[in-house]
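Participant: got a sequence here, can you build the structure:
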Amino acid sequence: MEPITSHLSPSNKETIMVTLHGATHLPTCKDGSEPWPYVVVKTTSEDTKNQNAKAVTSVTSEPTTAPIWGDTVKVELQAEDAGREDVILKVVDNKKKEELLSYQIPIKYLRVFHPYHFELVKAAQSGKAEEATAKTHLYATVVRKGSFFPRYIGSNHTALEVFLRGVNEPLVNNCDPMVVIARVVPNYNDFKVNQIKQDAASVGLPITRLSFPNPSVMRFDVPRGSQNGCPQLSKPGGPPELPSWNQSFLFQGRDGATNFSEDTALVLEYYSSTSMKGGEPWTLSKPLGVSVLPLKSRLYRKMLAGKGLSGLRVERLPITDTKLKTINGEAPTVDISFQLLSSENPENFLTPNNSQVLPILDPKILDEKLGTIRESWSKATVSSTMESSTSTAQEAEEEPQSPKMPHEMELNNYRRAMQKMAEDILSLRKQTSMLEAENRMLRSQLTQEEGEEEQDNSNAQKLDEVSMKQKLVLSELDMKKLRDKVQYLQNELIRKNDREKELLLLHQAQQPQATLLKRYQDKLQKMKALEETVRHQEKVIERMERVLEDKLRDWREPLLNRPQGKPPMAFPVLPASGLPLGTAGEPLPADLYSALLAENSRLRAELEKNRHQPAPIILQQQALPEDPGELGTGGDLAERLQETDGPGHSKGTETLPAQDLLASTSDKFSLLAKLERAQSRILSLESQLEDSARRWGREKQDLATRLQEQEYGLGHPSNSIITDLPNSLAHTKDHRRPLKLDPLMPSSDTKLNKPSNSQNT
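Facilitator: So this is what the prediction gives:
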């Protein structure tokens, strides 16, 4: 970096000088790799307009999270914009052009020409990225420079400039470049006491911590007349064996740098530049050595006595309290120059060239250890605010005495007083104009801030109104949703109530149907009992038929086995007279024969009548007796069938006597009549059973259909009337399949009629 030769900014402008020392714990890139960091410095207006930044530091030689830069950059802006502009420091990765973090410092808080040594940190917040940036510390020195030096009341000079050239002799035991911290302390003895006590403000470089994004205004406050001075840091001087800086330091009159007194001193502390690397916090270790130059009244008079620049040069200022040695084995010395600046806008600053023409201060009058000036005359303190007459008398002691007239001396004193008065008037006018300009700037800033505050308030009010409207709209939407939900729930409640009423009505309607269904089930059970009875009757009839067939077979066998030519005994051949013969071959009486024929005709007519008549409806069928002895009147048929093997035959005889023929014939007719009655009874029962089965099947199918309709919700009207249902109807599990009746046995009419027909013939 080139040495800075001017401490003032261009007219109507301000310059922000930023020296980036280094950083620790930088965040990594988004992909987790270490960055190649560099720093970009710009104003808020440049950042808003996306202008290319000119104030950019160098890039580190390797990727790191603890870079060391040591570069000084500057940004310029208009003086009237300083109240609303901020300076932005951005740490950027060189490869990915990714912004790692940024800091924004308000320029209006910075005091003009005061060096701020900042430690910039981010406040801890939630989130991984915020936690990573909260550990980062960026160290920088910021100086705000104006276009003129302010003049303070009580000071005849605006600033003291010190130019540090370098070490005079080569060093033999220095391995690293050195940096210098320069300061002017109002009382050197108190400063030494504070250093012994390890006061943080007096040891090394005091750091001011700024916490972002909202730094405190009190951190920018600078007390006037600090006991430890305002330390300034130089750039690293090299090479290590012969460090050279050629750097100028500026100390303002506000800080007491122009007040030369017995205890005021210029203190230069030398540090190794490696002690600045990686420090947490950014502090310097023990100094390599110290140079002290007392700023006493004699030195002040020497500076004012010179022609041209009001300054002096010390070629060999010793470095004390050090272990450094030159090639001659002596303590090293440095070459410095310094001058007083009285103008608010001086034109000449110290440079390596013009500093060589300054008057050289004789090193013999300097004490080797303390660096104090030997004075053989009075040790009274002479400040820069001493009266002109006193300074003139002391200067007259140093100059050779020349005989002057009292009138000329008075005239010279008057001229000097007038000149001093004129200078004071001019300085007061300049101070007045400066104060007026500052007042105007402050008023404009105040007005601007008030306008911004009003605008912010209006914007905040508008934002509040917008947010309230949004909240109102959202609340209305929520209310509408709730209303819709309530309406939906009310509709659901009404629907549920209607459904409950329908279920209650359906339950009430199903109660009589359940009663009716129970009655139907009882009827079905009775019908089952009737079916069982019918089946039992069929079995009885079948057994009776088998018994009759067996008896008829037994009765026929003797007739078939008789010798030919003889008529059977049961049916004798009628004679020519037409009357049957008796047992002795005599014809029967006519009245008996006619009675038998009449009885036979009556029975046949009754049988034919029973065949053609429809069977009567039987609501309840009585079970036929299982015992065949119950058939017939008084049970005589069963008894006789059991006692005889056939009609007209005894169980123990083969033929009947002749006198019993009429009795046998009458028994046969009686049996035949009873058999015909039984056949007619059987036929009528069969027809009644068929009709009952058909009617029962239709009713069962109707009930099954109604049950299906009730299962699928298709009910008949509640006022429907069901009639003509049998009492014996029962509900079965499989109501879809009608009960299948056993087929009726074929009628035995033909079987039973064969003997009667044969007899009739």
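
Participant: report the secondary structure state of Ser467.
Facilitator: In three-state terms, and counting by DSSP: H, G, I helix; E, B strand; the rest coil, Ser467 is helix.

Participant: number of residues surrounding it?
Facilitator: Residue crowding around Ser467 was assessed by other C-beta atoms under 10 Å; the count is 10. Just so you know, the C-beta spots here come from the backbone N, C-alpha and C atoms, and that holds for glycine as well.

Participant: so where is the stretch 251-400 of the chain shaky, pLDDT-wise?
Facilitator: In the predicted model, the stretch 251-400 of the chain carries pLDDT under 70 at residues 275-283, 306-309, 363-400.

Participant: for it, just list every one of the helices.
Facilitator: Using DSSP state H, counting those that start in this stretch, the helices assigned to the stretch 251-400 of the chain run over residues 297-305, 388-398.

Participant: and if you look at the stretch 401-550 of the chain?
Facilitator: Remark: helices of the stretch 401-550 of the chain, listed N- to C-terminal, are 406-561; assignment by DSSP H, counting those that start in this stretch.

Participant: model confidence over stretch 112-121, on average?
Facilitator: This predicted structure assigns stretch 112-121 an average pLDDT of 92.

Participant: renumber starting at 681 from here on
Facilitator: Will do, 681 is the new start, and the previous item becomes stretch 792-801.

Participant: list the buried ones in that stretch?
Facilitator: 792-793, 795-801 (16 or more other C-beta atoms under 10 Å).

Participant: now, those residues that are in strands?
Facilitator: Taking DSSP state E as the definition of strands, the buried residues of stretch 792-801 contribute 795-801.

Participant: quick check, nearest of the residues you listed to Leu948?
Facilitator: Checking these against Leu948 with C-beta to C-beta, the nearest one is Pro795 at 15.4 Å.

Participant: residues contacting the closest one?
Facilitator: Contacts for Pro795 were tallied using C-beta atoms under 8 Å, 6 or more residues apart in numbering; they are 821-823, 910-913.

Participant: who does it bridge with?
Facilitator: Val823 (DSSP bridges).

Participant: next one: His794 from Asp1347, what distance?
Facilitator: 163 Å (C-beta to C-beta, to the nearest Å).

Participant: swap that for Ala862, sorry
Facilitator: Counting by C-beta to C-beta, the separation of Ala862 from Asp1347 is 170 Å.

Participant: ok, the two, which is more surrounded?
Facilitator: When Ala862 and Asp1347 are compared on other C-beta under 10 Å, the one with more neighbours turns out to be Ala862, at 23 against 17.

Participant: how far does the helix or strand containing that one sit from its chain's centre?
Facilitator: Using DSSP states H and E, Ala862 sits within strand 858-865. The chain centroid and the centroid of strand 858-865 are separated by 56 Å under C-alpha atoms, centre = their mean, to the nearest Å.

Participant: and stretch 828-835, by the same measure?
Facilitator: The gap between the average C-alpha position of stretch 828-835 and the chain average comes to 62 Å, counting by C-alpha atoms, centre = their mean.

Participant: cool, and stretch 739-754?
Facilitator: The gap between the average C-alpha position of stretch 739-754 and the chain average comes to 41 Å, counting by C-alpha atoms, centre = their mean.

Participant: residues touching it, excluding its own?
Facilitator: By C-beta under 8 Å, 6+ apart, the residues outside stretch 739-754 that reach it are 681, 684, 695-708, 713-719, 721, 735-738, 774, 915-916, 953, 956-958.

Participant: one more time with 7 Å, if that's ok
Facilitator: Applying C-beta atoms under 7 Å, 6 or more residues apart in numbering, the external contacts of stretch 739-754 come out as 681, 695-706, 708, 714-719, 721, 735-738, 774, 915-916, 957-958.

Participant: of those residues, which belong to helices?
Facilitator: Counting by DSSP state H, none of the members of the contacts of stretch 739-754 fall within helices.

Participant: ChimeraX command for the buried members of those residues?
Facilitator: Here is the ChimeraX command that selects the buried residues among the contacts of stretch 739-754 (16+ other C-beta under 10 Å):
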select :695,696,697,698,699,700,701,702,703,704,706,715,716,717,718,719,721,735,736,737,915,916
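
Participant: pLDDT and neighbour count added to the contacts of Pro795, as CSV?
Facilitator: Conversion of those to CSV gives the following (pLDDT from 0 to 100; neighbours: other C-beta atoms under 10 Å):
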residue, pLDDT, neighbour count
Thr821, 93, 17
Val822, 95, 23
Val823, 94, 21
Cys910, 88, 24
Pro911, 91, 21
Gln912, 92, 21
Leu913, 90, 22
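
Participant: which of those sit farthest apart?
Facilitator: Going by C-beta to C-beta, the pair spanning the contacts of Pro795 furthest: Val822 and Pro911, at 14.2 Å.

Participant: tell me which stretches of the stretch 781-930 of the chain form helices.
Facilitator: In order along the chain, the stretch 781-930 of the chain carries the following helices (DSSP H, counting those that start in this stretch): 808-814, 868-876.

Participant: going by mean pLDDT, which of the ones you listed comes out lowest?
Facilitator: Of all the helices of the stretch 781-930 of the chain, helix 808-814 carries the lowest average pLDDT, namely a mean of 69.

Participant: Ile787: what's it in contact with?
Facilitator: With contact taken as C-beta under 7 Å, 6+ apart, Ile787 is in contact with 696, 762, 765-767, 824.

Participant: nope, Arg1123 is what I meant
Facilitator: For Arg1123, the set of contacting residues under the criterion of C-beta under 7 Å, 6+ apart is empty.

Participant: got it, and the one 5 residues further on?
Facilitator: When the contact criterion is C-beta under 7 Å, 6+ apart, the partners of Gln1128 are 763-764.

Participant: what's the local residue count around Leu1115?
Facilitator: That count, for Leu1115 with other C-beta under 10 Å as the rule, works out to 12.

Participant: cool, Asn836 as well?
Facilitator: 18.

Participant: state the distance from it to Phe940.
Facilitator: Counting by C-beta to C-beta, the gap from Asn836 to Phe940 is 11 Å.

Participant: what sits closest to Val860 if chain neighbours are left out?
Facilitator: When the adjacent residues along the chain are set aside, Val860 lies closest to Ser914, with 4.2 Å between them (C-beta to C-beta, 6 or more residues apart in numbering).

Participant: pLDDT weak spots in the stretch 1081-1230 of the chain?
Facilitator: Scanning the stretch 1081-1230 of the chain for pLDDT under 70 picks out the ranges 1081-1086.
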